[in-house]
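**Student:** what shape does this take:
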Amino acid sequence: MPLSSLGIRHSVSENAIVSGHRPAQYLLGPLILTTALLIGCGGGVAAAPKGTSSAGATLAVGANSLNFGSVSVASSKTNSLVLSNGASGGSSITVTQSNVTGTGFSLSSGPAVPFVLAPGQSATLVVSFAPTAAGSASGTLSIISDAANSTATVSLSGTALAPAPGQLAVAPATVNFGSITVGSSKSQTGTLTASSTDITVTSAASTQGYSLSGIAFPATVPANQSISFTVTFAPQTVGTSSGNISFVSNASNSPNTETLAGTGAQSGGGGGSVNRYEFVFTDGTLYIYSIDTLSSTPVKTVSLPTTAGTRGSVACVGSKAIYVSFGLDGATGGHMLAIDLTNFSIKWNKSYSHGIDSQSIAPDCSKIYMPDGESASGSGIWHVVDPSNGNDIGSITSSSFGPHNTIVHNGHVYLGGRQASVFQAARTSDNSIYFTSNSIPAPGNGGAGKGVRPFTINSEETAAYLTQTCPAPCSKPVLDVVNLTNGSVSQKALPSAACTSGSCPSTPNHGIAMSPDEQKLYVIDAINNVVYVFNIAGANLYAPQLVDTVHLMHNLGGHEAVCAYDCLGDGWLHISHDGKYLFVGDSGDVVDLSSSPPQVVAYFPQMHQTRKEIEIDCDNSIAISTGCNPVFAMNNRSSIGNP
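**Tutor:** Have a look, this model is predicted:
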């Protein structure tokens, strides 16, 4: 029965005062405060006769306050309040008004006002809290009568919790792209659908070879509606490729994964064989060595306008291009050029108002991430560059000062700053920093100093391994192990690499690489002229164990010939795509990792004069003397895990 039919007058103020209570963990639902006036033992509640007086009787109110606790939006909760006239043989009390203020609170039932409580009678009011928005709420129940305490007030409070999030569905759950020629691509459309509430999708990560477009983060999916996205498969190698795209949101079933599959097919015109090459970049020249024959004589030499000093080189199958940074690694004077792999011609040559350093390119060839340069000690900027023309199209701002080395993987950009005291990563979707490690210890006193040097990561992005600045004499170098799931940093002591005379490197460990199967980690030591081998499998993921030492045949630490600047042979490491060979920059040695123990089996002379080298594999549709039709190319200079 509605209150109006009972004659109860009540009102709800639209200007409720909000006060803080315990934090909301869920969304508030409407609390319905129902006031039912129940009859006490003294008999029924009578309608008030005109002229009745309480003659000083006091109205007893069962509580000074009612707290409804936490209630979800779109639900309700009630509390009871007892009114009584306890005077024995005294006067009756006439209740003339009952008013409620506060958003979400209401008096939902009770006797019609005015009503009379005879001596000894009681009645129960039920108040309801039905919130419509999340947050703390407060109000007041006022009871007016002719009792000695003519106005009795009861404080009302509650916390409205946001409704529990709904679910997100991705469709189709599985996408098979079929057979796609290496160097080409295919796209398919998918949808994200929200259930009963709006869902906010904050990020997505895709496996190498697959890319996501058509959606900007954060993206809101309205309740009971869908938004679309596009997945592109651009295989870089011949063979079967499996992967996924994982969407992270506030849905109760986050993350949501779409399973992907496809096959990279050999391009036509040249049969099925693939030729593997090591592309070695000195200042002004590209030397191409055969990985298949391991001949010390390059199969191709190309002159390049990079005499200002080569800093980084990467390539991408989809664009069939190499991207070489050169010039100054400070605030100004940077350059980058693109080389057409099919004929080794220059596609574009771009000059910048900022510096350059060791860049990376997204696997789908959509963006290049160019650090400002290790000499830019006050900068934490990585420039986002359009690979089609070299133009800057965005930037990442970080606290990784002295931007130096870069890795792009699975929708993330990992940032190595020469002057950084933390390790960071950004999203490729919006260039925002999403990961910052704990502070990296820099004890000094013959040990490590501040600064992230060459680094690598595993494919699941749970661990990163960093080498660290260690100025001479560097008797206590370390390997930093970063847990990418919680930001913790631990340090593994490396063998002493004290440099006491001659030109000493800023770190003796300027080279690190992970085997494709993620079982081994290789760290260079330019002072002792060795490469250390660590076991990082299983339980050793965050606690690498030294298991072997490779002694090089050609010394590191010398000065590179035909070098514009930064000419000390610090070294660099990367591993062949098949995991068999380790290439040692600034030494020229090629190490066979399949032998036990690993042995130096070849020497590339020009790799003794530089640490900028990458692998590119070509089919035989184009003779290497003319060009290369790529089927695999290193989009990062560093070798990361890719089992």
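**Student:** only C-alpha atoms for contact and neighbour calcs from this point on.
**Tutor:** Will do.
**Student:** what's the burial count for residue 299?
**Tutor:** 13 (other C-alpha atoms under 10 Å).
**Student:** low-confidence ranges, the stretch 351-500 of the chain, go.
**Tutor:** Of all residues in the stretch 351-500 of the chain, none has pLDDT under 70.
**Student:** where along it do the strands fall?
**Tutor:** For the stretch 351-500 of the chain, the strands defined by DSSP state E, counting those that start in this stretch cover 360-361, 368-371, 381-385, 392-397, 403-409, 412-417, 424-427, 433-436, 452-457, 463-468, 478-483, 489-493.
**Student:** check the stretch 201-350 of the chain too.
**Tutor:** Taking DSSP E, counting those that start in this stretch as the criterion, the stretch 201-350 of the chain carries its strands at 210-213, 219-221, 226-233, 239-249, 256-265, 274-282, 285-290, 300-303, 310-316, 321-327, 334-340, 345-351.
**Student:** one more: the stretch 1-150 of the chain?
**Tutor:** Under DSSP E, counting those that start in this stretch, the stretch 1-150 of the chain gives strands at 32-33, 46-47, 59-61, 65-72, 77-85, 93-101, 105-109, 115-117, 122-129, 135-145.
**Student:** turn those strands into TSV, columns for distance to residue 162 and mean pLDDT.
**Tutor:** Formatted as TSV, the strands of the stretch 1-150 of the chain follow (distance: least, C-alpha to C-alpha, whole Å; pLDDT from 0 to 100):
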stretch	distance to residue 162	mean pLDDT
strand 32-33	16	32
strand 46-47	42	50
strand 59-61	33	87
strand 65-72	6	89
strand 77-85	15	87
strand 93-101	22	90
strand 105-109	17	85
strand 115-117	39	86
strand 122-129	15	86
strand 135-145	8	92
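**Student:** can I get those strands in TSV with distance to residue 173 and mean neighbour count?
**Tutor:** Listed next are these as TSV, based on distance: least, C-alpha to C-alpha, whole Å; neighbours: other C-alpha atoms under 10 Å:
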stretch	distance to residue 173	mean neighbour count
strand 32-33	42	25
strand 46-47	67	14
strand 59-61	60	21
strand 65-72	32	21
strand 77-85	40	21
strand 93-101	51	23
strand 105-109	45	26
strand 115-117	65	24
strand 122-129	42	25
strand 135-145	37	22
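**Student:** how far away is the most centrally placed residue in the chain from residue 120?
**Tutor:** For the chain, the residue nearest the mean C-alpha position is residue 434 (4.5 Å; C-alpha atoms, centre = their mean). Residue 434 sits 67 Å away from residue 120 when distances are taken as C-alpha to C-alpha, to the nearest Å.
**Student:** also residue 425?
**Tutor:** From residue 425 to residue 120 the distance is 73 Å (C-alpha to C-alpha).
**Student:** the more surrounded of those two?
**Tutor:** residue 425 (24 against 18).
**Student:** contacting residues for the nearest residue to residue 179 once chain neighbours are set aside?
**Tutor:** Excluding the flanking residues, the one nearest residue 179 by C-alpha to C-alpha, 6 or more residues apart in numbering is residue 263, at 4.6 Å. Contact analysis of residue 263 by C-alpha atoms under 8 Å, 6 or more residues apart in numbering lists 177-180, 235, 238-241.
**Student:** just residue 457 next, same as before
**Tutor:** Residue 457 touches 463-465, 514, 640-641, counting by C-alpha under 8 Å, 6+ apart.
**Student:** in space, what's closest to it - neighbours in sequence excluded?
**Tutor:** residue 464 (4.3 Å).
**Student:** so the one you found bridges to which residues?
**Tutor:** For residue 464, the beta-bridge partners are residue 457, residue 482 (DSSP bridges).
**Student:** hang on, the earlier thing: between the strands of the stretch 351-500 of the chain, which gets nearest to residue 96?
**Tutor:** The minimum distance between residue 96 and these falls on strand 433-436, with 61.2 Å, by C-alpha to C-alpha.
**Student:** got the contact list for the closest one?
**Tutor:** 396-398, 422-427, 484, 487.
**Student:** please apply the same query to stretch 461-471.
**Tutor:** Counting by C-alpha under 8 Å, 6+ apart, 418, 444, 446-458, 476-485, 504-512, 541-542 sit against stretch 461-471.
**Student:** 6 Å - rerun?
**Tutor:** Here stretch 461-471 makes contact (C-alpha atoms under 6 Å, 6 or more residues apart in numbering) with 447-449, 451-457, 479-485, 506-507.
**Student:** quick one: buried ones out of those residues?
**Tutor:** Taking 16 or more other C-alpha atoms under 10 Å as the criterion, what is buried in those is 447-449, 451-457, 479-484, 506-507.
**Student:** so how far is residue 590 from residue 294?
**Tutor:** Residue 294 is 8 Å from residue 590, by C-alpha to C-alpha.
**Student:** so those two - more neighbours on which side?
**Tutor:** Legend: neighbour count by other C-alpha under 10 Å for residue 294 and residue 590, higher for residue 590 (23 against 16).
**Student:** bridging residues for the more buried one?
**Tutor:** Beta-bridge pairing for residue 590 (DSSP bridges): residue 583, residue 602.
**Student:** that one against residue 583, yeah?
**Tutor:** Yes. If you go by C-alpha atoms under 6 Å, residue 590 and residue 583 touch, sitting 4.9 Å apart.
**Student:** hmm, back to that, redo the strands of the stretch 1-150 of the chain as JSON lines? Include distance to residue 566.
**Tutor:** Output for the strands of the stretch 1-150 of the chain, formatted as JSON lines (distance: least, C-alpha to C-alpha, whole Å):
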{"stretch": "strand 32-33", "distance to residue 566": "74"}
{"stretch": "strand 46-47", "distance to residue 566": "99"}
{"stretch": "strand 59-61", "distance to residue 566": "85"}
{"stretch": "strand 65-72", "distance to residue 566": "63"}
{"stretch": "strand 77-85", "distance to residue 566": "72"}
{"stretch": "strand 93-101", "distance to residue 566": "75"}
{"stretch": "strand 105-109", "distance to residue 566": "73"}
{"stretch": "strand 115-117", "distance to residue 566": "95"}
{"stretch": "strand 122-129", "distance to residue 566": "72"}
{"stretch": "strand 135-145", "distance to residue 566": "59"}
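**Student:** make JSON lines out of the strands of the stretch 351-500 of the chain and add distance to residue 619.
**Tutor:** What follows is these, written out as JSON lines (distance: least, C-alpha to C-alpha, whole Å):
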{"stretch": "strand 360-361", "distance to residue 619": "22"}
{"stretch": "strand 368-371", "distance to residue 619": "25"}
{"stretch": "strand 381-385", "distance to residue 619": "28"}
{"stretch": "strand 392-397", "distance to residue 619": "32"}
{"stretch": "strand 403-409", "distance to residue 619": "25"}
{"stretch": "strand 412-417", "distance to residue 619": "30"}
{"stretch": "strand 424-427", "distance to residue 619": "33"}
{"stretch": "strand 433-436", "distance to residue 619": "38"}
{"stretch": "strand 452-457", "distance to residue 619": "28"}
{"stretch": "strand 463-468", "distance to residue 619": "33"}
{"stretch": "strand 478-483", "distance to residue 619": "38"}
{"stretch": "strand 489-493", "distance to residue 619": "42"}
